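Colleague: Using only what follows, build the 3D model:
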Amino acid sequence: MPFADRGLQDLSGSSSTSEGNDEEEPREGPSPPKKPVLSVESLFKQGYRSGPSVLLEQENKKQENWTWGKGGAHARESARTAADREATSRAANEGTEEAVKAGLQQAERLKRLRKKERIEEKRATKKALERDKKRLKRNEDNEA
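Modeller: Numbers count the residues shown, from 1 in each chain. A predicted model of the protein is given here:
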């Protein structure tokens, strides 16, 4: 007998010989195999090294109600949360308005800054042109 088969027989606690039943009833066809009763302790004794498996968990004995509801719980929940939804909506709208206002202020500030930079750039260009004209005039006077 292979090692694995011996281990399963040891776990099941049953033997292949019938004990106490001298008379066996004649059966038609092969008998269905018996399911071995397994426990985590017996598995550990046989060398099992992992934790308990989901397959060894007991079935949930609690009866679940899978019938269709009439929507009463949902209606009660919506009535309770209508005020919450309204408050959340109001807060979101106020927050959006404040963000838009801050964005417009920032855009206006950037617009003014760009305008200042353009004016300063024009002044600098104008001064550079005047300097260049003076330099050209000096060069022409020195050459003449």
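Colleague: Run a quick neighbour tally on residue 48.
Modeller: A count of nearby residues for residue 48, using other C-beta atoms under 10 Å, gives 16. (Glycine included, C-beta is placed from N, CA and C.)
Colleague: Now it. Nearest residue, chain neighbours left out?
Modeller: Among residues not flanking residue 48 along the chain, residue 40 sits closest, at 7.8 Å (C-beta to C-beta, 6 or more residues apart in numbering).
Colleague: Return the distance of that neighbour relative to residue 61.
Modeller: 20 Å (C-beta to C-beta, to the nearest Å).
Colleague: These two: which is more packed in?
Modeller: Higher neighbour count among residue 40 and residue 61: residue 40, with 13 against 5, using other C-beta under 10 Å.
Colleague: Find me the pLDDT at the more buried one, would you?
Modeller: If you check residue 40, the pLDDT there is 73.
Colleague: how near is it to residue 57?
Modeller: From residue 40 across to residue 57, the span is 11 Å (C-beta to C-beta).
Colleague: Please state the mean pLDDT value computed over stretch 50-70.
Modeller: 73.
Colleague: what does that stretch rub up against?
Modeller: 38, 40 (C-beta atoms under 8 Å, 6 or more residues apart in numbering).
Colleague: go with 10 Å
Modeller: When contacts are defined by C-beta atoms under 10 Å, 6 or more residues apart in numbering, stretch 50-70 is touched by residues 38, 39, 40, 43, 44.
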